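S.K.: fold the following and give me the result.
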Amino acid sequence: MGYPTDIFLNEPADSCICAICHDVLKEASSLSCGHSFCTECIDSLIINLEFPAIDPSCPTCRVTGSSNPNYAVRGIIDALEVSCPHGGGECGWLGKVGELQSHGKECSYKVIECGIEGCTHTCQRKDMAAHRSSNEALLQHMELKYERKMSEMEDKLRRRLSEMEEAYDNKDDERKAEIQSCKNKLRSYKNKVNTLEEKVEVLERLTGVKNKKRKNRSADAMDISSVRPAVPSSVWKTSENDLNFKWIDIELISGSALAENPHAGKRVFGATKGIVPILRLYGVNETGNSVAVFIHGFTPYAYFALPHGYDIEDSNDNLGQVRQILEDKLRAELGMSNHNHASEEDEYPKACLGVQHISGNPTMSDTSHTIFLQIYVAMPRMLTKLKEIMESGITFPGVTNANITTRELLIFPSFECNMPLTMRFMHDQDLEGSSSLCLPKGTYSLRKGRDEKETHYQV
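M.R.: Numbering: from 1, shown residues only. Predicted coordinates for the structure are as follows:
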């Protein structure tokens, strides 16, 4: 944009007018045909070209050519006399165009921004001191500073969490084998202890002699079943009664997928085979019984925005093709076997579990994007690789720009890739800390036997 014509004391010549913005030339540049334009106007013309590497054509004569600074015209315009463009004539300053920039740095009537990061207030320079010293502004600036620090802290924690998850995922096979070996030894030891205690009980019944040490040990160690309230029989009737409890802690674990969904009427993107993420909640029910809840089917996901002006066909067939492309790329990036060779024994028979088309902004961010892909993966750690794939450029079928199908390489900005799965679950379910939770009847099953239970909780 050039200089407005109404600030000039004498009417500028037609040769000083930019044919693009119709203002007086600012930092004049000329094309090879000789016509001059504002440098900013020429730059915007090049940016809007379909192929920016090609020289622009002159808006006046349509001759193609490159642009170069026109220092002669710049010198003529810098010598023209003007009035101050700020304050609607209140300033009263008169000078030359070449002095406008230095005057603008000190003009009391120029509208400026507050300057405090995050504050959007603007006013004339002479009124800015009053704004910054007002109680309302001081409070707002303190809040902005606090929000920045909180945001920096949150980003730091998320990066640290991502680094920890990546470090954990990169443990070598020898370390994993060592952990599994320890688990097997512990399981074998527990079985031996149980077998030994059963033999002791048989001998006691046969001989009628109680082992004194065993008796004293039992007396010293309080039987926890005597201090915990009995579980009402109604709790075991899962098809007839809701399970209401107040949860006090939540954690993310992993384990084998359920063979069957207890909530038969609900379809989820969760994997049905291999290793899956499990959310474990601890709490207490209305009758004072301890409760441990294992939640399956809450699948990790993130949002990826299509570039402005683009859309993608949302049919099941097309989104299925998108999912398969991401499946192949994820498996390659994670060093997993090709999906064509995946077997029942694989930890993750599928890496990308589903793709949905979202219109509108589903994220917690204030973004101008309106079309998103919601992509589900098998485990939270896979979101980091998915983000790299989507932000490094990828081609999908069914992508359109202005209703014209295109196969160009696109970058999809990511949203909420680093959110921990426990926080994602609490947000999506609108859960507050230590709040009440209800498992509706017919949507859950109970682990009753000692072999099924993984904790010492009553339910």
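S.K.: which stretches of this protein form helices?
M.R.: With DSSP state H as the criterion, the chain has helices at 39-47, 71-78, 100-104, 125-133, 135-169, 173-207, 212-220, 316-333, 382-391, 421-428.
S.K.: please identify the most buried of these.
M.R.: helix 382-391 (a mean of 20; mean count of other Cβ atoms under 10 Å). C-beta: built from backbone N, CA, C; applies to glycine.
S.K.: that one to helix 135-169, inter-axis angle?
M.R.: 110 degrees (axes from the mean of the first three to the mean of the last three Cα atoms, to 10 degrees).
S.K.: against which helices or strands is helix 382-391 packed?
M.R.: Using 3 or more Cβ pairs under 8 Å, 6 or more residues apart in numbering; DSSP states H and E as the contact test, the elements touching helix 382-391 are helix 135-169, strand 301-305, helix 316-333, strand 371-377, strand 414-415.
S.K.: try it again at 7 Å.
M.R.: Applying 3 or more Cβ pairs under 7 Å, 6 or more residues apart in numbering; DSSP states H and E, one finds that helix 382-391 makes contact with strand 301-305, helix 316-333, strand 371-377, strand 414-415.
S.K.: and the average pLDDT for that helix is what?
M.R.: Averaged over helix 382-391, pLDDT sits at 92.
S.K.: and stretch 159-168, by the same measure?
M.R.: If you average the pLDDT over stretch 159-168, you get 76.
S.K.: as JSON lines, the helices of the chain with distance to residue 258 would be great.
M.R.: Below are the helices of the chain laid out as JSON lines (distance: least, Cβ to Cβ, whole Å):
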{"stretch": "helix 39-47", "distance to residue 258": "54"}
{"stretch": "helix 71-78", "distance to residue 258": "74"}
{"stretch": "helix 100-104", "distance to residue 258": "68"}
{"stretch": "helix 125-133", "distance to residue 258": "60"}
{"stretch": "helix 135-169", "distance to residue 258": "24"}
{"stretch": "helix 173-207", "distance to residue 258": "21"}
{"stretch": "helix 212-220", "distance to residue 258": "38"}
{"stretch": "helix 316-333", "distance to residue 258": "22"}
{"stretch": "helix 382-391", "distance to residue 258": "20"}
{"stretch": "helix 421-428", "distance to residue 258": "17"}
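S.K.: quick check: which of the ones you listed is nearest to residue 411?
M.R.: With Cβ to Cβ, the closest approach to residue 411 among those belongs to helix 382-391: 5.8 Å.
S.K.: can I get the closest one in CSV? Just the C-alpha atoms.
M.R.: Presented in CSV, the C-alpha positions along helix 382-391 are these (Å, rounded to 0.1, in the frame of the first residue of the first chain):
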residue,chain,number,x,y,z
MET,A,382,2.0,-43.4,17.9
LEU,A,383,0.6,-39.9,17.9
THR,A,384,4.1,-38.4,17.9
LYS,A,385,5.0,-40.2,14.6
LEU,A,386,1.6,-39.5,13.2
LYS,A,387,2.2,-35.8,13.8
GLU,A,388,5.5,-36.0,11.9
ILE,A,389,3.9,-37.7,9.0
MET,A,390,1.0,-35.2,8.7
GLU,A,391,3.2,-32.1,9.1
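S.K.: outside of that helix, which residues touch it?
M.R.: 162, 166, 300, 302, 304, 329-330, 333-334, 351, 375, 377, 411-412, 414, 417 (Cβ atoms under 7 Å, 6 or more residues apart in numbering).
S.K.: wait, which of those is closest to residue 320?
M.R.: Nearest to residue 320 among these, with distances taken as Cβ to Cβ, is residue 375, at 12.9 Å.
S.K.: who's the closest one bridged to?
M.R.: residue 302, residue 355 (DSSP bridges).
S.K.: I'd say it and residue 304 touch.
M.R.: Yes. Counting by Cβ atoms under 7 Å, residue 375 does reach residue 304; the two are 6.3 Å apart.
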